[in-house]
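[1] Turn this into a model:
(one chain, ligands or ions: 2)
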Amino acid sequence: MYNSIRIAFALLAMISISNMVSAQQQIPKNHVNPWIKPLGALPPIASLTEGEWMKGDLHVHSSYSSEGGYDPARHPISKIKAFAKSVGFGFIGITDHDNHVLGDVAHNTWADTAFKDNTLLMLYGAEWTTTRGHGNTFSATPYDHQKFYDVRDQRDADIAKVKKELGIHLSANHPAGPKDHFGFSYDLVDAMEVWNSCQWTRNANSNLIWEDMLASGRRITARGGSDVHRPSDVNYIGTPTTWVFAAKHTAQAVVDALVNGRVSISANPYAPRVEFFADINEDGKMDMMMGDNAKSTGKPIKFRVELKGNVKADSTYTVNVIKDGRKFGSYKMAGSNPVVEFTDTPKLVERMYYRLIVEGPSTDYPQVPRSAAVSGNMVALSNPIYFNFDPHF
Ligand SMILES: [Zn+2]
Ligand SMILES: [Zn+2]
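    Ligands and ions are numbered 1, 2, ... in the order given. Model (predicted):
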């Protein structure tokens, strides 16, 4: 009895295999995907020279990030500001956990007499701390954060409506965890924390999510954040440091740069900054930088990588170029003004992007003496240069 059942099953399996073999794949020849439309004119690329590079940290907690109420001993805003100025920061995002004050950031962090400053650009924001994950909000001016806290457990479409109404920037924090991964739609976010804390190696999965989002057509800006809660000699303000190319010296220009992607990340405030340019019309002059998007011409594009600032002239740095999520090439650079150029021809129609990871000698950070050993040979990360991305995606 058992054997005959087995024979019957074997026969059935053979029949279904033979059916599969005899069936033909029907691949439609003239199918048009209505979602894929020809790319219209792209907005002009902003000036590569009118503006300034400013550095800062976009994920810092103060004494207000305390479950038991304000803790003056922990991390007062005055201390954060003094430290930020001592390492040459132009801006800072103090992003306290909003759940500790039930959303009322306006009457806590922002109302602190130390919060306003004449020289350091202070971004208004908070760490939106929810069941489904954390994200930093940023704004050049105060906004009704209570509304954003209140909508946190609703549908993503409702959250998107409130975010739009408030006109705020949202950046996913530590997107892949290991704790509190970002469990919302990435349609809600403008930027992502792809480098959280001095431990670069912990960010591998967050970088995978970022690559997925780029491949899907979303131009989500990568940024860093130390996520410090109290003084430390390993991970503190500036590990890592986020650089923005701001068109003006204003908080709004910093937020704008976080949207348009003219941003790179360095291991600490003294580590070299990577800049990434492309010459799209073969005239020998650079026409675009990281974050910028252009139509490809079918002709070769010359890319240029520069390391600026505190480079170690007697050491060699390695630039790893990632093209569409895959390694494109690896180049060595050295000297007091390290520069590398390479050429590639992006396809005429398809979306493509190029981005950089720079490795090399670590840079000492005397105020946070044990951080350099932990960040290791990770020096800097660029945002991508984009081709054929739809600005209306
Ligand atoms: Zn968090
Ligand atoms: Zn945090």
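[2] who touches the spatially most central residue of the chain in this structure?
    For the chain, the residue nearest the mean C-alpha position is residue 222 (1.2 Å; C-alpha atoms, centre = their mean). Shown in contact with residue 222 (C-beta atoms under 8 Å, 6 or more residues apart in numbering): 191, 192, 194, 195, 210, 263, 265, 381, 383. C-beta here means a position set from N, CA and C on the backbone, and glycine is covered the same way.
[3] go again using 10 Å as the cut-off
    By C-beta atoms under 10 Å, 6 or more residues apart in numbering, the contact set of residue 222 is 171, 191-195, 206-207, 210, 214, 242, 261, 263-265, 290-291, 355, 381-384.
[4] likewise residue 78?
    Contacts of residue 78 (C-beta under 10 Å, 6+ apart): 62, 63, 112, 113, 114, 115.
[5] what's the distance between the residue in the chain that ligand 2 sits nearest to and residue 327?
    Nearest to ligand 2, among the residues of the chain, is residue 227, at 4.3 Å (C-beta to the ion). Going from residue 227 to residue 327 by C-beta to C-beta, to the nearest Å gives 29 Å.
[6] what's the answer for residue 381, then?
    As for residue 381, its distance to residue 327 is 15 Å (criterion: C-beta to C-beta).
[7] Could you check which of those two is surrounded by more residues?
    The residue with more neighbours, out of residue 381 and residue 327 and counting by other C-beta atoms under 10 Å, is residue 381; that gives 25 against 10.
[8] Could you report the pLDDT at that one?
    The model reports residue 381 with a pLDDT of 98.
[9] how far does the host helix or strand of it sit from the chain's center?
    In this assignment (DSSP states H and E), residue 381 forms part of strand 378-382. How far strand 378-382 lies from its chain's middle: 12 Å, per C-alpha atoms, centre = their mean, to the nearest Å.
[10] Does residue 147 touch residue 158 like I think?
    No: using C-beta atoms under 10 Å as the test, residue 147 is too far from residue 158 to be in contact (11.1 Å).
[11] Which one of those two is surrounded by more residues?
    residue 147 (14 against 11).
[12] Could you look up the SS state of the more buried one?
    helix (DSSP: H, G, I helix; E, B strand; the rest coil).
[13] Might you report the residue contacts of it?
    103, 162, 163, 165, 166, 168.
[14] Just the buried ones from those?
    Among the contacts of residue 147, those classed as buried by 16 or more other C-beta atoms under 10 Å are 103, 162, 163, 166, 168.
[15] Strands - which of these land there?
    When these are checked against strands (DSSP state E), there are no matches.
[16] okay if I get those residues as a markdown table plus distance to ligand 2 and pLDDT?
    As requested, the buried ones among the contacts of residue 147 are exported to a markdown table (distance: C-beta to the ion, whole Å; pLDDT from 0 to 100):
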| residue | distance to ligand 2 | pLDDT |
| --- | --- | --- |
| 103 | 16 | 98 |
| 162 | 21 | 98 |
| 163 | 19 | 98 |
| 166 | 20 | 98 |
| 168 | 17 | 98 |
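[17] Next step: these restricted to helices.
    162, 163, 166 (DSSP state H).
[18] quick one: the closest residue to the second one other than its chain neighbours from residue 124, how far?
    In other words, residue 163. With C-beta to C-beta, 6 or more residues apart in numbering as the criterion, residue 163 has its nearest non-adjacent residue at 5.9 Å, and that residue is residue 170. Distance, residue 170 to residue 124, by C-beta to C-beta: 13 Å.
[19] Could you list which of the ones in helices among the buried ones among the contacts of residue 147 also contact ligand 1?
    When C-beta under 5 Å from the ion is applied, no member of these is adjacent to ligand 1.
[20] Not counting its neighbours along the chain, what's nearest the residue of the chain closest to ligand 2?
    residue 59 is the one closest to residue 227 (C-beta to C-beta, 6+ apart), at 4.8 Å.
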